[in-house]
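Asks: Test case, fold it:
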Amino acid sequence: MDSPGQGDFARDSQGRPILDRFGRPVRARQPQRPNPQRAPRQQPPPPVNETRVFKQGTPRQTPPRQTPPPRQTPPRQQYVPQQPGQIGHVRPQTPIIANPPVPPTGGGRRRKALNFKPRGCLGSIGLLLAAVLVLSLVVALWADSQLNRVDATPAEQIGNTAGTNWLLVGSDSRQGLSEEDIARLGTGGDIGVGRTDTIMLLHIPTTGQSTLMSIPRDSYVNIPGWGMDKVNAAFSIGGPALLAQTVEESTGLRIDHYAEIGMGGLANMVDSVGGVEMCPAEPIQDPLANLDIQAGCQEFDGATALGYVRTRATAMGDLDRVVRQREFFAALLSTATSPATLLNPFRLFPMISNAVSTFSVGKGDHVWHMVRLVMAMRGVKTETIPIAYFEDYDVGNVAIWDDAGSEALFEQMR
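Replies: Have a look, this model is predicted:
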């Protein structure tokens, strides 16, 4: 190592510089200088009683500060309630809170109380609908109680067939008509129980389109217990029950419901709804039916409508008549269920009154069954039993069914 004054490089014992591995001289270590230690910090002396010197030069000793003794709390006296009227009794008062606590506005969701009081326009509409519903129910029950019910169940009924079948009958009975009505309607005098001018069978399937089938009144069929005759003779002989049994055995279709309307009822129904629009394809003049109309669309009143469905004064006679009867029946139901009728009380209530006073139904039939009947008539498919030919027999000129065509038609509805 270099001695002082011989450089800063380390040397060996022969005085040669010591080199590192890279051939550079190694610098000698410098001796460490002693680190002077700091004097320990002296703590200030503990406080002593101050000696204050006044101007006169007389020293005064300040006594040490003493801790005050704990405050003594007097014992709480027990409250003894006084009875009203005793001396010292004080009426309790409700404490007055200067700043009452305010409930928090945030936090959890508060449940709103249910309010069933109707509000605004929706509430008025709800009340109106409820009133209409109650009124409809009352009118339906009243109308059902006013229906004329007859025995229309066959003595021997066939088994159930598909869907629901209505037997619809238009009777030519004059019973209940006044002399003025007979003259106005051109129906002639009373002929007793009467016959059927219209016989139709409405088939309502479980799903799909309904079928309205006309049965010509001169159809030559077997009347149970009476032999072969015109189908409308069954009504004259045994009333609705025998007619229903005759139709069941001839078609193989079970009759579930029955509805019948007379001449006067049909005319009154048309007048109560304000008339029915019909569009005959040709002019018809028939003095026997009190009918004189031109071709084209026109409004029929009750008397004109009755003559239109009764007349045979066209080329095909009874076959043309059944077509006109179906057209008129569909137009009447469409007018009766239109908003112009249902929303007009001056038409609705007279129509209901005339309907229930002139309609006859089976003993098990009700107004709600007839509502379904009306709904089924919308978009109904119309058919007529195929006729093979006409023939004269001892009962008059009769219509003979086409066996193959009529059986195919009945099979579609069974």
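Asks: all contacts plus neighbour counts: C-alpha atoms, from now on.
Replies: OK.
Asks: which element is residue 169 on?
Replies: strand 164-171 (DSSP states H and E).
Asks: Could you list every helix and strand that that strand packs against?
Replies: Counting by 3 or more CA pairs under 8 Å, 6 or more residues apart in numbering; DSSP states H and E, the packing neighbours recorded for strand 164-171 are strand 196-204, strand 257-261.
Asks: Helices along the stretch 201-350 of the chain, start to end?
Replies: Counting by DSSP state H, counting those that start in this stretch, the stretch 201-350 of the chain has helices at residues 233-251, 263-272, 302-310, 318-336, 339-342, 345-358.
Asks: nearest to residue 167, of these?
Replies: helix 233-251 (7.3 Å; CA to CA).
Asks: quick one: contacts of that closest one?
Replies: The contact list for helix 233-251, computed with CA atoms under 8 Å, 6 or more residues apart in numbering, reads 150-158, 167, 193-196, 221-224, 231-232, 253-255, 407, 410.
Asks: orientation of it relative to strand 196-204 in degrees?
Replies: Orientation check (axes from the mean of the first three to the mean of the last three CA atoms, to 10 degrees): helix 233-251 against strand 196-204 gives 30 degrees.
Asks: And helix 233-251, what's buried?
Replies: With burial defined by 16 or more other CA atoms under 10 Å, the residues of helix 233-251 counted as buried are 233-236, 239-249, 251.
Asks: do stretch 306-315 as well
Replies: 306, 307, 308, 309, 310, 311, 312, 313.
Asks: With respect to residue 280, which of those is nearest?
Replies: residue 308 (9.3 Å).
Asks: Give me the mean pLDDT for stretch 155-171.
Replies: The average of the pLDDT scores along stretch 155-171 is 89.
Asks: And stretch 274-294, by the same measure?
Replies: The average of the pLDDT scores along stretch 274-294 is 90.
Asks: before we move on, the earlier item: so which of the contacts of helix 233-251 belong to strands?
Replies: 150, 167, 196, 221, 222, 223 (DSSP state E).
Asks: re the thing from before, who wins for proximity to residue 12 among the helices of the stretch 201-350 of the chain?
Replies: helix 339-342 (131.8 Å).
Asks: Buried residues, that closest one. List them.
Replies: 341, 342.
Asks: Any idea how many residues pack against the residue nearest to residue 305 when sequence neighbours are not counted?
Replies: Leaving aside its sequence neighbours, residue 305 sits nearest to residue 267 (CA to CA, 6 or more residues apart in numbering; 7.0 Å). Number of residues near residue 267 (other CA atoms under 10 Å) recorded here: 21.
Asks: between the ones in strands among the contacts of helix 233-251, which is closest to residue 261?
Replies: Distance to residue 261, by CA to CA, is smallest for residue 196 among these, at 9.9 Å.
Asks: my read: the closest one touches residue 171, true?
Replies: Yes: between residue 196 and residue 171 there is a contact under CA atoms under 8 Å: 4.4 Å.
Asks: any residues in contact with both of these two?
Replies: Common neighbours of residue 196 and residue 171 (CA under 8 Å, 6+ apart) do not exist.
Asks: Out of the helices and strands packed on strand 164-171, which is closest to residue 373?
Replies: Closest of those to residue 373 is strand 196-204, at 8.3 Å (criterion: CA to CA).
Asks: Which residues outside that closest one are in contact with it?
Replies: Outside strand 196-204, the residues that touch it by CA under 8 Å, 6+ apart are 163-172, 210-217, 232, 235, 310, 322, 325, 376, 413.
Asks: List the strands paired with that strand, with their directions.
Replies: Using DSSP bridges, strand 196-204 pairs in its sheet with strand 164-171 (antiparallel), strand 211-214 (antiparallel).
Asks: relative to strand 257-261, how tilted is that strand?
Replies: Here strand 196-204 points in a direction 150 degrees away from that of strand 257-261 (the same axes, to 10 degrees).
Asks: Quickly find the element holding residue 365.
Replies: Counting by DSSP H and E, residue 365 is found in no helix or strand.
Asks: Helix 345-358 and the longest helix along the chain, what's the angle between them?
Replies: Longest helix in the chain by number of residues (criterion: DSSP state H): helix 120-146. Computed by the same axes, to 10 degrees, the angle separating helix 120-146 from helix 345-358 equals 20 degrees.
Asks: Helix 120-146 packs against which elements?
Replies: Counting by 3+ CA pairs under 8 Å, 6+ apart, helix 120-146 packs on helix 345-358, helix 367-376.
Asks: Kindly compare burial across those and name the winner.
Replies: For the helices and strands packed on helix 120-146, the largest average neighbour count (mean count of other CA atoms under 10 Å) is found in helix 345-358, namely a mean of 17.
Asks: ok so, going back, nearest to residue 134 among the ones in strands among the contacts of helix 233-251?
Replies: residue 150 (29.1 Å).
Asks: ok, that closest one to residue 322 distance?
Replies: Residue 150 sits 25 Å away from residue 322, going by CA to CA, to the nearest Å.
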